[in-house]
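Engineer: need coordinates for the below:
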Amino acid sequence: MSSNPDPSSAAAPGALLDDEDSPAQRPGFFARIFGADASGPAPERDLSNGVVSPPHTLGPRLPGILNLRQMRVEDVAIPRAEITSVGSDTDLPDLVQIFRDSGLTRLPVYDGTLDDPIGLVHLKDIALQHGFNGGAKDFNLSESLRPVLYVPPSMPIGVLLTKMQADRIHMALVIDEYGGVDGLLTIEDLIEQVIGEIEDEHDIEEAQPWVREEDGAFLALARAPLDEFESEIGVDLVDEEEEEEVDSLGGLVFLLTGRVPARGEVVPHPSGVEFEVIDADPRRIKRLRVRLPAEAAE
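Structural biologist: Numbers count the residues shown, from 1 in each chain. Okay, here's the model as predicted:
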C-alpha cells in the first residue's frame, strides 16, 4: 500500500467503496441535460440599463436548475478561512476529535500547509479500518486518503457537478491563480443551488430563535421574528415604514446592507446595535450574533 497517493487519480489507496464509488455505466443526469462540456454560464440582461452582465454579478439567486449554468464555483464555495482540514501527520485520536467537533464526514488533508493538499480523508474509512476507541500504533493517515478535485473559481457549477458525478469524487478545492487553496465545496453545496437547503439528521434546528450569551450578546437565527427580538432587547430597530418591509433579523441585516453579507462581516445599526454574520451562504443569512450598546446591554 503506497504512503503517498496521487490526489488526481480516480481512487486513492486504502479507500473503501461506497455509494460514490460505484462505476458509471452511462452519462449522468446532469451531463445528459447540460452536456459535460457546458460552455459556461449564460449571460443575463440587466433590465435597469439594458446591459448584458455576467450572472455571478447579479446577487443571490433562488434555487433552480438554471443556476447550474449561471453560477460559478466562486459563488458557492466556502472561503479558505472556514475550511476544516488536517495535516498528513495527524494521529488517530486527534483526527477522531476533529471529526467529532466539526460534524463533518470528509476532511481535506495537506502536507505542511493547506496550499499543498494531498487528498481527503473519509470518516467511514477511518471507522471501518481503525475504529474510534484508541490510537492505533500503526496508523498512517496518508494510507487512508481519497482523491479530491482541484477546480478554478470561474468554473460553472453545472460543469463541476457533472465532473463530480463522472469521477465519483464529492469534494473539490478551489485553486487560485497562484496555485493556492482559495475555498472548498462539496456535491451537496452544488445540489442545494438547485433544490434548496438540504437538512439531515445532524442539522438540528434550535427550538429557541435566540439565546443570550455570557457576555450579554445574543446568538440568533436569521429567521427570528424582528418584533419579538425588539421587545426582548428593548430597542427599536426599524421605523414604521421599514416595518412593512422586513419581519426577521436576517431581513433587517439585508435591508441595512442591500445584499447578502459574508460570514464574519459585522453590520452596524444606527442604534448602536451590531450584527455579526456567523453563518451564511451565497443566497441567505442563517445565524447572527447581536451585540448591544452598553446602555442597552445593562
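Engineer: make sure Gly87 is actually in contact with Asp111.
Structural biologist: Yes. The criterion here is CB atoms under 8 Å, and Gly87 meets it with Asp111 at 7.3 Å. (Each C-beta comes from the backbone N, C-alpha and C, glycine too.)
Engineer: do I have it right that Gly119 meets Pro147?
Structural biologist: Yes. Between Gly119 and Pro147 there is a contact at 5.8 Å, judged by CB under 8 Å.
Engineer: compare these two (neighbour count), which wins?
Structural biologist: It is Gly119, of Gly119 and Pro147, that has more neighbours when counted by other CB atoms under 10 Å, with 27 against 21.
Engineer: packing partners for whichever strand or helix holds that one?
Structural biologist: Following DSSP states H and E, one finds Gly119 within strand 113-122. Using 3 or more CB pairs under 8 Å, 6 or more residues apart in numbering; DSSP states H and E, the elements in contact with strand 113-122 are strand 106-111, strand 145-146, strand 181-186.
Engineer: among the ones you listed, which comes closest to Gly158?
Structural biologist: strand 181-186 (13.3 Å; CB to CB).
Engineer: now the following helix or strand past the closest one and strand 181-186, what's the angle there?
Structural biologist: Next in sequence after strand 181-186, counting helices and strands by DSSP H and E, comes helix 187-195. Helix 187-195 runs at 70 degrees relative to strand 181-186, counting by axes from the mean of the first three to the mean of the last three CA atoms, to 10 degrees.
Engineer: who are the packing partners of helix 187-195?
Structural biologist: Helices and strands touching helix 187-195, by 3+ CB pairs under 8 Å, 6+ apart, are helix 67-70, helix 73-76, helix 157-167.
Engineer: how about those helices in a markdown table, adding mean pLDDT?
Structural biologist: A markdown table is the format used below for those (pLDDT from 0 to 100):
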| stretch | mean pLDDT |
| --- | --- |
| helix 67-70 | 85 |
| helix 73-76 | 89 |
| helix 157-167 | 93 |
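Engineer: burial of Thr105, as a residue count?
Structural biologist: 15.
Engineer: need phi/psi at it.
Structural biologist: Dihedral angles of Thr105 (phi, psi; degrees, to the nearest 10) stand at phi -110, psi -10.
Engineer: with Asp236 instead?
Structural biologist: Main-chain dihedrals, Asp236, degrees, to the nearest 10: phi -80, psi 120.
Engineer: show me the contacts for it.
Structural biologist: Contacts for Asp236 (CB atoms under 8 Å, 6 or more residues apart in numbering) come out as Glu230, Ser271.
Engineer: and the gap between it and Leu288?
Structural biologist: Noted for Asp236: a distance of 18 Å to Leu288, by CB to CB, to the nearest Å.
Engineer: end to end on stretch 226-246, go ahead and measure it.
Structural biologist: Chord length of stretch 226-246, first to last residue, is 8 Å (CA to CA, to the nearest Å).
Engineer: could we number from 25 for the rest of this?
Structural biologist: Done: numbering now begins at 25, and the last item shifts to stretch 250-270.
Engineer: pull the distance from it to the chain's centre.
Structural biologist: Mean C-alpha position of stretch 250-270 versus that of the full chain (CA atoms, centre = their mean, to the nearest Å) differs by 30 Å.
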